[in-house]
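[1] Give me the fold of what follows.
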Amino acid sequence: MKLNELVAHNAKFAIDYVHMLCDSIPDELFGRTIEGVKANHPAWVISHLNCYPDKVMFPMLGAQDRAVDCSRWVEVGNAGTECLDDPEGAIYAPKGELLAAFDDRYKAVASYFPSVDIEALMQPIEDEARAKRVPTIGAFMQFLVGQHVMMHMGQVSTWRRVKGLGSAM
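    Numbers count the residues shown, from 1 in each chain. So this is what the prediction gives:
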């Protein structure tokens with residue numbers, strides 16, 4: 001499997017895994033924090049993940065024309081934003097909308113990546129600090145659809161258990 005195909009495959013896997021963990025969460029809990037614990041809830045996590053295809057991935061690949069406006073997700077889920085308790089559902093989009101946006105944008109990544117030139121993925125990352133962890137564009141793309149999604153889904157998995165929802169597996 002070539003790197004571009006691997007990124008596409010992992011984007012599809014990410015969609016399935018996100019749904020496995022999130023679909024059974026009651027809508028009214030999706031944006032609720034854990035009392036006394038500073039942890040990310042699913043609404044923040046999905047908002048955060050929704051930023052990356054259009055804010056980072058497509059632009060970094062020179063495919064800005066494939067990106068859509070993600071300012072709604074950036075406003076509440078950008079790296080460094082605080083995960084806020086949302087008992088009224090006034091801060092984060094509803095669960096269905098968040099997951100539909102995730103599906104749409106990660107499917108867009110999955111369908112685009114098989115056509116990405118391998119040489120483009122082998123180009124070095126220009127950001128020196130980031131390049132220490134992921135030296136090439138391809139390594140960074142793989143991180144974003146693989147490890148990054150899975151790390152945040154680990155947060156959701158833990159959140160589920162603390163909220164009494166148990167394992168989704």
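[2] which parts of the helix or strand harbouring Asp104 are buried?
    For Asp104, the element it lies in under DSSP states H and E is helix 95-112. Buried positions in helix 95-112, judged by neighbour count with 16 or more other C-beta atoms under 10 Å: 95, 98-99, 101-102, 105-106, 108-110, 112. (Each C-beta comes from the backbone N, C-alpha and C, glycine too.)
[3] now those residues in JSON lines, with distance to Phe13 and pLDDT?
    Below are the buried residues of helix 95-112 laid out as JSON lines (distance: C-beta to C-beta, whole Å; pLDDT from 0 to 100):
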{"residue": "Lys95", "distance to Phe13": "21", "pLDDT": "98"}
{"residue": "Leu98", "distance to Phe13": "19", "pLDDT": "98"}
{"residue": "Leu99", "distance to Phe13": "16", "pLDDT": "98"}
{"residue": "Ala101", "distance to Phe13": "18", "pLDDT": "97"}
{"residue": "Phe102", "distance to Phe13": "13", "pLDDT": "96"}
{"residue": "Arg105", "distance to Phe13": "15", "pLDDT": "96"}
{"residue": "Tyr106", "distance to Phe13": "10", "pLDDT": "94"}
{"residue": "Ala108", "distance to Phe13": "15", "pLDDT": "96"}
{"residue": "Val109", "distance to Phe13": "12", "pLDDT": "94"}
{"residue": "Ala110", "distance to Phe13": "9", "pLDDT": "92"}
{"residue": "Tyr112", "distance to Phe13": "16", "pLDDT": "95"}
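[4] okay, the helix holding Asp104 in PDB with CA atoms only?
    Only the C-alpha atoms of helix 95-112 are listed here, as PDB (Å, rounded to 0.1, in the frame of the first residue of the first chain):
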ATOM      1  CA  LYS A  95     -24.100  16.000  17.800                       C
ATOM      2  CA  GLY A  96     -25.700  15.100  14.400                       C
ATOM      3  CA  GLU A  97     -24.300  18.200  12.700                       C
ATOM      4  CA  LEU A  98     -20.800  17.700  14.200                       C
ATOM      5  CA  LEU A  99     -20.700  14.000  13.100                       C
ATOM      6  CA  ALA A 100     -22.100  14.800   9.600                       C
ATOM      7  CA  ALA A 101     -19.400  17.500   9.100                       C
ATOM      8  CA  PHE A 102     -16.700  15.000  10.300                       C
ATOM      9  CA  ASP A 103     -18.000  12.400   7.800                       C
ATOM     10  CA  ASP A 104     -18.100  14.900   5.000                       C
ATOM     11  CA  ARG A 105     -14.600  16.300   5.500                       C
ATOM     12  CA  TYR A 106     -12.800  13.000   6.200                       C
ATOM     13  CA  LYS A 107     -14.600  11.400   3.300                       C
ATOM     14  CA  ALA A 108     -13.300  14.300   1.200                       C
ATOM     15  CA  VAL A 109      -9.800  13.600   2.400                       C
ATOM     16  CA  ALA A 110     -10.200   9.800   1.800                       C
ATOM     17  CA  SER A 111     -11.400  10.400  -1.800                       C
ATOM     18  CA  TYR A 112      -8.700  13.000  -2.600                       C
END
